[in-house]
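Participant: compute the structure for the input listed below.
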Amino acid sequence: MSLSVRLGSVELPNPILVASGTFGYAKEMAGVVDLSRLGGVVPKTITVEPRAGNKPPRTVETTAGLLNAIGLDNDGLDEFIAKKLPYLRTLRCPIIVSVAAKKIDDCAIFGERLSAEPGIAAVELNVSCPNVSGGVDYGTDPTLCEKMTAAMRKSLKLPFSVKLSPNVTRIADIAKAAEAGGADMISATNTCYGLAVDWRRRRPRLGNGCGGFSGPAIKPISLRCVWQIAQAVKLPIIGIGGISTVDDVFDFLVAGASAVEIGTANFYEPDVTTRILDALPVEMEKAGIKNIADIIGTLEM
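Facilitator: The predicted structure follows:
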């Protein structure tokens with residue numbers, strides 16, 4: 001029985017990764033999860049320069065999900081390479097570094113610096129954060145998405161994914177643009193744009209006003225996006241959005257994802273990845289599946 005999957009040139013021991021922004025830099029979860037069992041870790045998104053993030057409150061629980069407006073709070077590329085990456089290199093699982101470029105010129109900086117660092121399996125280019133000024137510009141306009149992707153391809157010697165937003169009219173068009181720009185894979189999706197209010201105070205519950213909505217409620221949206229992308233491009237897809245059970249994983253795989261990232265579920269069930277990893281071979285045996293890669297993209301519509 002084989003759990004291994006491929007994302008282009010990147011081979012993963014299994015399809016279970018953890019999503020950026022929900023797992024810290026992995027060290028925070030080392031006492032809860034056997035990190036060596038994971039198919040991969042996507043640490044918190046980094047920017048070229050440090051970011052303070054948005055004013056609090058930054059998170060609020062809602063029905064069947066979580067609304068957040070963290071604002072890409074991070075210490076910047078230099079600090080990540082000096083302080084975070086050395087620990088990540090010690091993990092016995094693939095590391096996919098998540099980056100967000102404020103402008104196209106940032107891609108050259110990321111490409112040059114990260115290409116020179118050992119221990120990185122791939123990069124995830126986040127063009128879909130709804131919580132920062134201009135955070136979704138490159139993920140909602142196909143022309144801009146292709147330009148930024150091409151800039152990253154020109155400078156980066158590692159394989160990379162483009163993380164797309166569900167907050168668009170036709171996500172297939174954005175995926176095609178990322179493919180044309182030279183992306184090796186697609187991550188889908190980031191959070192949905194949402195709002196929570198305190199009607200008694202006539203105020204939003206988040207300090208930033210609106211924020212990104214994630215959790216079980218967005219699964220049908222993300223699953224639809226993955227299926228549409230799979231029909232439009234030939235790139236491998238990492239499915240993200242509302243995944244918390246082994247059945248969720250298989251749903252995304254048959255819809256066209258080659259791997260998945262577990263996100264919000266890490267907050268309310270920190271060992272969710274372990275539970276799913278334990279359940280995968282059990283469900284495969286029940287279904288007579290010997291190679292998990294064989295079921296990728298087998299959904300019949």
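Participant: now the helices for this structure?
Facilitator: In the chain, the helices defined using DSSP state H lie at 77-79, 85-89, 105-115, 137-140, 142-155, 171-181, 219-232, 246-255, 265-268, 272-287.
Participant: how about the contacts made by Asp247?
Facilitator: Glu283 (CB atoms under 8 Å, 6 or more residues apart in numbering). All C-beta spots, glycine's among them, are computed from the backbone N, C-alpha and C.
Participant: check contacts around the most centrally placed residue in the chain.
Facilitator: The chain has Ala19 as the residue nearest its centroid, 4.8 Å off, counting by CA atoms, centre = their mean. By CB under 8 Å, 6+ apart, the contact list for Ala19 reads Val42, Ile240, Glu261, Ile262, Gly263, Asn266.
Participant: now the second one: closest residue in space, sequence neighbours ignored.
Facilitator: Among residues not flanking Ile240 along the chain, Glu261 sits closest, at 4.4 Å (CB to CB, 6 or more residues apart in numbering).
Participant: also the last one?
Facilitator: What sits nearest to Asn266 in space, not counting adjacent residues and going by CB to CB, 6+ apart, is Thr22, at 4.6 Å.
Participant: quick one: Leu253 and Ile16, what's the gap?
Facilitator: Relative to Ile16, Leu253 is positioned 11 Å away (CB to CB, to the nearest Å).
Participant: overlap in contacts, these two.
Facilitator: Residues touching both Leu253 and Ile16 (CB under 8 Å, 6+ apart): Val260.
Participant: before we move on, back to that, quick check: the residue nearest to Ile240 touching Ile237?
Facilitator: No - with contact defined as CB atoms under 8 Å, Glu261 does not count as touching Ile237 (11.0 Å).
Participant: got any residues that touch both of those two?
Facilitator: Ser187.
Participant: where does the prediction get shaky in the chain?
Facilitator: Filtered on pLDDT under 70, the chain yields the residue ranges 133-135.
Participant: could you rerun that using 90?
Facilitator: Along the chain, the model assigns pLDDT under 90 to residues 128-137.
Participant: re the thing from before, quick one: the residue nearest to Asn266 and Gly194, what's the gap?
Facilitator: For Thr22, the distance to Gly194 - CB to CB - is 17 Å.
Participant: also Val5?
Facilitator: Distance from Val5 to Gly194, by CB to CB: 31 Å.
Participant: same check, this time on Val18
Facilitator: Note on Val18: its distance to Gly194, by CB to CB, is 22 Å.
Participant: what does Asp251 give?
Facilitator: If you go by CB to CB, the gap between Asp251 and Gly194 works out to 22 Å.
Participant: do the same with Asp78
Facilitator: Counting by CB to CB, the gap between Asp78 and Gly194 amounts to 33 Å.
Participant: just confirm Ile296 contacts Ser258, I think it does.
Facilitator: Yes - counting by CB under 8 Å, Ile296 touches Ser258, with 5.5 Å between them.
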